[in-house]
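Undergrad: After the sequence you'll find the predicted model.
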Amino acid sequence: MARQINRLTPRGIAALKAPGLHADGGGLYLQIGPTGAKSWSYVFQWRGKRKQMGLGALLTTTLAEARQEADAARRAVARGINPIDVRRLARVGANTFGDVADDLVRSIQSEWKNEKHRYQWTQSLEVDACALRPLDVDKITTDDVLDVLRPIWTTKPETASRTRGRIERVLDAAKAKGLRTGDNPARWKGHLAVLLPKRQKLARGHHPAMPFTEIRDFMTALAARPALAARALELTILTACRTGEVIGAKASEFDLAKALWVIPAGRMKAKAEHRVPLNAAALAIVKQLIADQEELGTKSEYLFADGSGQKPISNMAMNMLLRRMGQLTYTVHGFRSTFRDWAGEQTDHPREVIEAALAHVVGSEVERAYRRGDALEKRRVLMADWAAHCGL
């Protein structure tokens, strides 16, 4: 059987003389003009039409370089992005949807009450609407918006509805800044409402959670990952904390001698200080991160600092890590449910101790008034058992 990709060779290219397109495979072609000039082209289908994108002359672009360019273009098409638009916008420096979306997020983040809202907006504009990000915000059409929404409209109706609303707000912001004109192609009433099927209301569910029987193998695979996001996810799982609580962690919040992490009220969902007993595995992660910062001279107030050292890593970092690990079904928040299921089904630890570990508010105000402690030492035993179940 003939090879479908990498058909051409440097020697074969030198011997080719006939004008026309000569396939290398995967959409990459060597084009020979009437005068014998040779150049590279990537040919692809876009919205039912054949498109051809030049990749440079043979004199300036090697076969290996052309294959790399074609591979990047193929990945863009697979994500619903026209590679010709990407290159054009890079050249002219247009105001892209991504630029306006990021500016909008920065300007309205004070509206959000918790980290969940930040995650949802980021998920919508950086992941679900990723195909729009490189496009000139003034050129986005109804077809562009539909290309984003149709694949998830019936399978993920809640996500699709939120994404549409956020796209509409970004485009409204662009119009307010004078960056686009005309009607908003993401508007619902009288527009997308007549182009998309009526959305069925679904009962709200929980974040998808990994079965606790699979957590040991997952933690082994996670430990092999060198990324900072992997350490953040390990600490998240071992402490049963929320994403925002972990990525916003500061070195000053940890008492290493007492194996204790005190999260201030301002960063807690219930707006109450939360003490987290660190099992041996969690404590080792914190110690190593602090030591790494000191050794590299990159000390920051944040345990999980981004490249600038001035702010934490993105709240999307751990979810994107899950995707790279092939865990497309689960979410970071779902590991709290994994912990809760394990503790409730496999241990004899009291319910109130388990709920305290999750920083849940349990019982009436009167009950909570009489139960003044936070069961720290009992939770310390619980979290040590959890680490053991995780194989650590």
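TA: Yep, that arrived. Only a predicted model underlies this, so the values are computations on that prediction, with no experimental measurement involved.

Undergrad: Tell me which stretches of this structure form strands.
TA: Shown for the chain, the strands assigned by DSSP state E span residues 20-25, 28-32, 38-46, 49-57, 254-255, 260-263, 274-277.

Undergrad: now those strands in CSV, with mean neighbour count?
TA: Where you see a C-beta, it was placed from the backbone N, CA and C, and this is true even at glycine. Shown next, in CSV, are these (neighbours: other C-beta atoms under 10 Å):
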stretch, mean neighbour count
strand 20-25, 15
strand 28-32, 21
strand 38-46, 18
strand 49-57, 14
strand 254-255, 16
strand 260-263, 19
strand 274-277, 22
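
Undergrad: which one of these lies closest to residue 314?
TA: Across these, the minimum distance to residue 314, taken as C-beta to C-beta, is reached by strand 260-263, at 19.5 Å.

Undergrad: For that closest one, give me every contacting residue.
TA: 239, 241, 245, 249, 253-255, 273-278, 286 (C-beta atoms under 8 Å, 6 or more residues apart in numbering).

Undergrad: mind running it again at 7 Å?
TA: 245, 253, 254, 273, 274, 275, 276, 277, 278 (C-beta atoms under 7 Å, 6 or more residues apart in numbering).

Undergrad: ok, back up a step: ok, which of the strands of the chain comes nearest residue 292?
TA: Using C-beta to C-beta, the nearest of those to residue 292 is strand 254-255, at 14.4 Å.

Undergrad: before we move on, back to that, could you save the strands of the chain as a markdown table and add columns showing distance to residue 385 and mean pLDDT?
TA: Output for the strands of the chain, formatted as a markdown table (distance: least, C-beta to C-beta, whole Å; pLDDT from 0 to 100):
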| stretch | distance to residue 385 | mean pLDDT |
| --- | --- | --- |
| strand 20-25 | 55 | 90 |
| strand 28-32 | 56 | 91 |
| strand 38-46 | 54 | 90 |
| strand 49-57 | 57 | 87 |
| strand 254-255 | 22 | 94 |
| strand 260-263 | 18 | 93 |
| strand 274-277 | 12 | 92 |
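
Undergrad: Indicate which one of those is closest to residue 168.
TA: strand 38-46 (24.5 Å).

Undergrad: Starting from that closest one, tell me which strands it pairs with and how they run.
TA: Note on strand 38-46: by DSSP bridges, its sheet partners are strand 28-32 (antiparallel), strand 49-57 (antiparallel).
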